[in-house]
Structure formats: structure tokens, C-alpha cells
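S.K.: Using only what follows, build the 3D model:
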Amino acid sequence: MQVTTTQTERNVAMYGVENIDEFIDSITDTITYRGCGADMIVAGLMSDAQELMAHDDVEGARKTLNRAKAVLFKIMDGNLTGSRSRK
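M.R.: Okay, the predicted model is just below:
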């Protein structure tokens, strides 16, 4: 196993993106987040992971699930809105 030495390398190894914080910040600009909240972003990422697994991309699925967990932790910490009420 390769030992990563920088935060960027760690992020790429864990999440498949260079900066997980920028990835999470970009979520707030999406139509999905504005209309439904971060819960739907997490569901979408999980769906993406299922599709990757169906195509035998276990590593891609693992990274996608890690991105979903990072978003979920931001929701749990109160930094992202989980769901938006619809009226």
C-alpha cells in the first residue's frame, strides 16, 4: 500500500477528488441542493456507487461512498441542510 504524504494525495486516495472541501462547497450551487437539500445529494452519490459496483469498479464505488459520507457528516454537523421542506 502506498503511503500518501500530502492532503491532496490523501483526498485523491480517499475521495477521488483533490479537495473534498471544495467538492462539498460546490454542492450548495446545485439545483438538487437548492431544491431538495443535501440528503438528495447523498442519495445520488450512493446511487452512483451502486452503478459503479454493477460495472465492477469497486475502487470508484469506494471513493464515491466516501464522498457521500463526507457530505453526510457535514449535514450531521449542521454545516449543510439535509432536506428542504416542500409546500
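
S.K.: where in this protein is pLDDT low?
M.R.: Applying pLDDT under 70 to the predicted model, the residue ranges of the chain that meet it are 1-4, 86-87.

S.K.: All the helices of it, residue numbers only.
M.R.: Remark: helices assigned in the chain by DSSP state H are 7-15, 20-27, 31-36, 38-54, 58-76.

S.K.: Nearest approach to S85 belongs to which of these?
M.R.: Minimum separation from S85 across the helices of the chain (C-beta to C-beta) falls at helix 31-36, 10.4 Å. Yep, even glycine has a C-beta here, placed from its N, CA and C like the rest.

S.K.: From Q7, how far out is G44?
M.R.: As judged by C-beta to C-beta, to the nearest Å, G44 and Q7 stand 26 Å apart.

S.K.: Tell me which of the two has more neighbours.
M.R.: A count of neighbours by other C-beta atoms under 10 Å puts G44 above the other of G44 and Q7, at 16 against 12.

S.K.: show me the contacts for the more buried one.
M.R.: G44 makes contact with T32 under the criterion C-beta atoms under 8 Å, 6 or more residues apart in numbering.

S.K.: which residues touch V17?
M.R.: With contact taken as C-beta under 8 Å, 6+ apart, V17 is in contact with N11, F23, R67.

S.K.: before we move on, the earlier item: in CSV, list the helices of the chain along with distance to G82.
M.R.: Rendered in CSV, the data for the helices of the chain read as follows (distance: least, C-beta to C-beta, whole Å):
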stretch, distance to G82
helix 7-15, 20
helix 20-27, 12
helix 31-36, 10
helix 38-54, 5
helix 58-76, 5
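
S.K.: can you tell which of these is closest to R84?
M.R.: Ranking the helices of the chain by their distance to R84 (criterion: C-beta to C-beta) puts helix 31-36 first, at 6.1 Å.

S.K.: if we look at that closest one, which residues are touching it?
M.R.: Applying C-beta under 8 Å, 6+ apart, the set of residues contacting helix 31-36 from outside is I27, T28, M40, I41, G44, L80, T81, S83, R84.

S.K.: Any chance of a PyMOL selection covering the buried ones in these?
M.R.: Written as a PyMOL command, the selection of buried residues from the contacts of helix 31-36, which uses 16 or more other C-beta atoms under 10 Å, is:
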select buried, resi 27+40+41+44+80
